[in-house]
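>>> Provided below for reference: sequence and predicted model.
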Amino acid sequence: MDEFRGRHIGIIYQTLHMVGALTVLDNLLLAQYAAGLPQDREKAIALLEHLGVAEKKDHKPETLSQGQLQRVAIARAVINGPRIIVGDEPTSALDDRSCETVMELLLQLAASANASLVIATHDQRIKRHFHRQITLEGGQ
Amino acid sequence: MNSLSLSYAYLRHKILSTALTAATFAVGVAMIVVLLLVNAQLQNEFSNNLKGIDLVVGGKGSPMQLILSSVFHLDTPTGNISLDEAEKLSRHSLVKETIPIALGDNYQGYRIVGTTQAYPEHYNARLKAGGRYWQKKMETVLGAEVAAKSGLNPGDSFAGSHGLTTGGELHSGLPYTVVGILEQTGTAIDRLALTGRESIWHIHEQHDHDHDAEGAGHKNGAQGHHDDGHADAQGHGREITSLLITYSSPLAAVELPRQINSTTSMQAASPAFEVARLNTFMGTGTETIKYFAWFLIALAGFGIFTGLYNAMNERRYDLALMRSFGARPGKLFKLMMTESLAVAIVGLVAGVVTGHLFVESFAAWLASSKHIHITGRLFLIEEMWLVPVSLAVGALAALLPAIRVYRIDIFKTLVRR
């Protein structure tokens, strides 16, 4: 069950939950290690490059900006090639421009990995990217 | 990445608390090591000195004092016994070997002992190359420590001074000549100068005559008892300080001490018995320190425990995150065990090294001031026990936080932040 989740679902948390003791690169490798998958440094670095944060790979998360951390969190969510990428308010802390960038990256990564993208959000800005929406009304 | 490199990253991230925990653990281990080393070596020196000495016969007084003065050469003697009586005892059927001990003078605080060659031979002492045993009066063989400290070599001569401690009157008219030096034996012999009994008698006969000439009577002075010999012209009435006896049969242990104590003016004391008695006095102290050291180790274990527990608490998110990435609880359990055991092993190694270094530096001081020879360059089998004990403490400390990880609610932990 744990490993199934680790391999098939990539999760981006609202509060990004970076591991402070590890470098950015190791945070990605941690996801592979935890899921019991082989650790692919090349792939992790390529992913960070793709997201524009490769130069930070040997830094601790605390030295990164919120936007950079967001990208690392996305990289970590997709590194195991999940079938479903789940995002919990991935854009709520971002300004309009970053919000656009993040959404573009998410959609692009989801498309290239042939994964479904599921986002829970109240962020009206990103509504237009989704062709299926479930609106929860009037309650908990 | 594996549990080892991950543990390392976490421990390094919190280097200060890691170091403190390991240091506490190391102090506990070091204390145990010091205790084991010192205890084993003191016991060893004790038993070396006792080797094969079944009974000590000397003047009436405290049996403990008799043993300490004649076997360990620490205390002042109880009083003299007559040579005639001692020799009668040597011919007793229950006695296999006797070693006479005649004290009286010292050289720079090292006792000059009038004895026979049986004494060094009993302790398997060997002469260094180029030396020989005494053959006539005023020839002496030095123990290893005496030779090293005084720098005397065969052929050199020195004057003994009266009494058993420094500061006594010098017998400058009758110098001793060094004829040999003994190898280190790990017994009291190392800090003695050995000579024939005749030398001691000779010196003190001369001595007394000098005093008589001056009209000053001389008897055992403030320096404590010693053998003046007090022989008359025929050599009768000579005295020695004590006699070390080896039994010829186990039966002697029952028979001989009682016989001596009740029928002669001499006192017989069993070294084994007195040392056992001494141990019960001092044993309380070493036991206390030993318990204290184990207490420290337990405390260090508790330190690891709290350190780890707090670290795990702070890391709830990290651990929950790893779970959400698919890490099985077993994997996290392994991670925490690795971390705790790593701290325990570092503490263990540091403690063992520190303990030995401490004893080694302590040894130099002990050797110069207390004439006790110990070394830190000795590894005991007992120290091996520290390995499983340390690992057990480390494992125990990780157990409770590790069990909590099994119960962790991933969702709640990650969302509540």
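On my side now, so go ahead.
>>> burial count for residue A:116?
13 (other CB atoms under 10 Å in any protein chain shown). Just so you know, the C-beta spots here come from the backbone N, C-alpha and C atoms, and that holds for glycine as well.
>>> wait, it touches residue A:83, no?
Yes: between residue A:116 and residue A:83 there is a contact under CB atoms under 8 Å: 6.9 Å.
>>> so which bits of chain A are right by chain B?
Proximity of chain A to chain B (CB under 8 Å from any CB of the partner chain) is limited to residues A:2-7, A:11, A:13, A:15, A:17, A:19-22, A:26, A:29-36, A:39, A:80.
>>> how about the residues of chain B by chain A?
By CB under 8 Å from any CB, the part of chain B that sits against chain A consists of B:1-2, B:6, B:9-10, B:12-14, B:317-318, B:321-329, B:331, B:414, B:417.
>>> once you drop chain neighbours, what's closest to the closest residue to chain A within the stretch 101-250 of chain B?
Nearest residue of the stretch 101-250 of chain B to chain A (CB to the nearest CB) works out as residue B:186 at 52.4 Å. Spatial nearest neighbour of residue B:186, chain neighbours left out: residue B:48 (5.1 Å); criterion: CB to CB, 6 or more residues apart in numbering or on different chains.
>>> how much space separates the residue lying closest to residue B:63 once chain neighbours are set aside from residue B:9?
In space, and not counting its chain neighbours, residue B:63 is closest to residue B:269: 3.5 Å by CB to CB, 6+ apart. Taking CB to CB, to the nearest Å as the measure, residue B:269 falls 65 Å from residue B:9.
>>> between the two, who's got more neighbours?
residue B:269 (24 against 17).
>>> for beta bridges, what are the partners of that one?
Per DSSP bridges, the residues bridged to residue B:269 are residue B:56.
>>> so where's the chain uncertain?
Looking at chain A here, since you left the chain open. For chain A, the stretches with pLDDT under 70 are A:1, A:138-140.
>>> should've been chain B
Ranges of chain B meeting pLDDT under 70: B:206-236, B:300-301, B:304-305, B:308, B:311-312, B:368-372, B:416-417.
>>> make it 50
The model of chain B has pLDDT under 50 over residues B:212-234.
>>> which residues are in contact with residue B:244?
Contacts for residue B:244 (CB atoms under 8 Å, 6 or more residues apart in numbering or on different chains) come out as B:53, B:55, B:56, B:70, B:71, B:98, B:99, B:100, B:101, B:119, B:122.
>>> can you map out the strands along chain A?
Using DSSP state E, the strands of chain A run over residues A:9-12, A:84-88, A:116-120.
>>> can you list the ones you listed in CSV and add distance to residue B:129?
As requested, these are exported to CSV (distance: least, CB to CB, whole Å):
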stretch, distance to residue B:129
strand A:9-12, 82
strand A:84-88, 86
strand A:116-120, 91
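>>> tell me the residue of the stretch 1-150 of chain B that sits nearest chain A?
residue B:13 (3.6 Å).
>>> remind me, longest helix of the chain?
Chain wasn't specified; assuming chain A. Longest helix in chain A, counting residues (DSSP state H): helix A:96-112.
>>> not quite, I wanted chain B
helix B:271-314.
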